[in-house]
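Peer 1: prediction below, plus the sequence it came from.
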Amino acid sequence: MSLRGQTAVVTGAVMGIGRAMVEILLQNDAKVALLDVNKSGGESLTEALGKQYGSQNVLFLDCDVESEEQFKAAFKRAVDAFGQIDIVFNNAGILNEATWEKTVSINLLGVIRGTYLALEHMNKTHGGRGGVIINTGSMAGLGPFSCCPVYTATKHGVVSFTRAMASASTVSGYGVRFNAVCPGFVQTDLFSNIPIRLGQYSHMADATAQLVKKMGVITPSQVAEAVLEMVTDETKNGEALMVMPKGKEYITFPNLISPNK
Ligand SMILES: NC(=O)C1=CN([C@@H]2O[C@H](COP(=O)(O)OP(=O)(O)OC[C@H]3O[C@@H](n4cnc5c(N)ncnc54)[C@H](O)[C@@H]3O)[C@@H](O)[C@H]2O)C=CC1
Ligand SMILES: CC/C=C\C[C@H](O)C(=O)/C=C/C=C/C=C\C=C\[C@@H](O)C/C=C\CCC(=O)O
């Protein structure tokens, strides 16, 4: 499906899953703003992408998702350059159980901040034209992952926030769909030096390596394809899509109000 005429904002866009998403969006004719803290990497990537897809279709914005001021300015610059925002991929995240407050700040607060700032431009009840917001959760957002409790908590938060926002949007008429992507292990930079990232849980690194061996590892492009499905399929709202080597699966959550349904 062509996304011609649509504009996307991707956080954590320079490497890994974010970078794969940027490429698939450009391949499908969207204009893309890349937000990241990696300024030099972002500038050189954007120059290369500009040569391939047209420099008018790609924009790098130096932005730390922990900073309200930088994030707000980045959305404004994206709107100034492209006219509107239709697609937001709140993807920036880290895994570090030692600096756990930073993990919460980037992985959860960054997603909430990105969502609220995006709504200022997209919300139909405030003059926006609607769209879709995809947040990066994880399989660690669906079940407990004992080697990284804080990372697990942030990803559960992302999944729950996304589902609640989907309901809030429907009830309130925002015209914005919300979905979460929940990958298993993905071959990226984040998936390196695991013992150090686990901090006080580094003694669980061997058990984690066994889990990785059992589950297998996917590529960033496989995740990007799953995200694209939730971007383009207008029936998808409030979904959590798990992505693993054996395939994709939309998660069914228990109905807590009418448990027998
Ligand atoms: N790699 C994996 O196995 C999995 C990763 N995820 C999630 O996917 C998302 C992306 O992770 P990866 O691509 O694996 O990581 P990565 O480390 O390859 O890329 C992360 C990108 O985010 C940027 N970034 C980091 N902090 C930032 C900040 N404060 N503001 C803006 N940009 C920032 C980095 O510069 C980098 O470009 C994260 O939310 C992660 O939790 C989810 C499931 C599995
Ligand atoms: C060490 C963490 C490596 C990468 C983190 C990556 O960012 C990520 O999010 C990967 C998640 C992969 C999760 C895979 C399976 C998770 C399963 C759990 O939800 C429950 C299953 C088993 C529990 C085993 C345990 O360690 O407690």
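Peer 2: In hand now; what should we look at? Ligands and ions are numbered 1, 2, ... in the order given.
Peer 1: and the stretch 51-200 of the chain, which residues reach ligand 2?
Peer 2: 95, 138-140, 142-148, 184-185, 190-191, 194 (CB under 6 Å from any ligand atom). In this view, the C-beta of every residue, glycine as well, is placed from N, C-alpha and C.
Peer 1: now, of those residues, which are buried?
Peer 2: Buried subset of those (neighbour count, 16 or more other CB atoms under 10 Å): 95, 138-140, 142, 145, 147-148, 184-185, 190, 194.
Peer 1: give me the subset of those touching ligand 1.
Peer 2: Within those, those near ligand 1 by CB under 6 Å from any ligand atom are 138, 185, 190.
Peer 1: mind giving me the packing neighbours of whichever helix in the chain runs longest?
Peer 2: Scanning the chain for the longest helix, with DSSP state H as the assignment, gives helix 149-172. Counting contacts by 3 or more CB pairs under 8 Å, 6 or more residues apart in numbering; DSSP states H and E, helix 149-172 packs against helix 100-104, helix 110-122, strand 131-136, strand 176-183, strand 239-244.
Peer 1: count the neighbours of Ser258 for me.
Peer 2: 6 (other CB atoms under 10 Å).
Peer 1: now tabulate the helices and strands packed on helix 149-172 in TSV and tack on distance to Glu23.
Peer 2: Putting the helices and strands packed on helix 149-172 into TSV (distance: least, CB to CB, whole Å) gives the following:
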stretch	distance to Glu23
helix 100-104	27
helix 110-122	20
strand 131-136	16
strand 176-183	16
strand 239-244	17
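Peer 1: TSV for these, including mean neighbour count and mean pLDDT?
Peer 2: Listed next are those as TSV, based on neighbours: other CB atoms under 10 Å; pLDDT from 0 to 100:
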stretch	mean neighbour count	mean pLDDT
helix 100-104	16	98
helix 110-122	21	98
strand 131-136	26	99
strand 176-183	27	98
strand 239-244	21	98
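Peer 1: so how far is stretch 51-71 off the chain centroid?
Peer 2: 15 Å (CA atoms, centre = their mean, to the nearest Å).
Peer 1: now the one helix or strand Val227 maps to: average pLDDT?
Peer 2: Using DSSP states H and E, Val227 falls within helix 220-232. The average pLDDT for helix 220-232 rounds to 98.
Peer 1: quick one: check it for contact with ligand 2.
Peer 2: No: Helix 220-232 does not reach ligand 2 (CB under 6 Å from any ligand atom); its nearest approach is 10.8 Å.
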